[in-house]
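*Asks:* prediction below, plus the sequence it came from.
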Amino acid sequence: MKSRPHLSRITTPKPNSRTVPACVLLFCFTVLSGCSGAGLPPVFGAVFGLEGADVAPFTVGTVPDPSPSPGDNILGLAANFPGQCIYRRADNRRFRAACPDGYKL
């Protein structure tokens with residue numbers, strides 16, 4: 001009967017002497033490429049304080065209320081909003097809107 005090797009004897013192979021510097025170099029290029037150049041998203045200026053990032057000014061307004069379309073399914077009545085139903089779109093998003101006339105659960 002063959003004996004199985006003990007788990008403490010199993011080791012991972014040592015990295016090649018060329019792979020470690022290559023991985024470090026690749027990591028450095030990746031980090032530096034994300035922090036330099038123009039056309040960065042506005043979040044880089046807001047979060048990291050980069051001066052070259054785009055600026056997105058705040059706009060005042062409201063998000064329009066969703067309205068049911070022919071492909072939406074009614075899931076049921078909204079618990080805290082009388083006369084409102086919960087709908088589900090084809091992409092599985094849910095929203096609250098007025099129930100259709102005569103709808104009762």
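*Replies:* Thanks, I have it. Numbering: from 1, shown residues only.
*Asks:* any idea of the pLDDT on Phe58?
*Replies:* Note for Phe58: predicted pLDDT of 78.
*Asks:* next, count neighbours for it.
*Replies:* Residues near Phe58, counting by other C-beta atoms under 10 Å, number 4. Placement of C-beta: from N, CA and C, glycine included.
*Asks:* now for the chain, the helix or strand with the poorest mean pLDDT.
*Replies:* helix 42-48 (a mean of 66; mean pLDDT, DSSP states H and E).
*Asks:* wait, doesn't Ser67 sit right on Arg89?
*Replies:* No. With contact defined as C-beta atoms under 8 Å, Ser67 does not reach Arg89; the gap is 11.4 Å.
*Asks:* which one's more surrounded, these two?
*Replies:* Using other C-beta under 10 Å as the criterion, Ser67 and Arg89 rank with Arg89 on top: 14 against 10.
*Asks:* can you list the domains in the protein?
*Replies:* 17-60, 62-105 (automatic domain parsing).
*Asks:* touching stretch 71-82 from outside, list them.
*Replies:* 84-90, 94, 96, 99-100, 103, 105 (C-beta atoms under 8 Å, 6 or more residues apart in numbering).
*Asks:* pull out the buried members of those.
*Replies:* Buried subset of these (neighbour count, 16 or more other C-beta atoms under 10 Å): Cys85, Ile86, Tyr87, Cys99.
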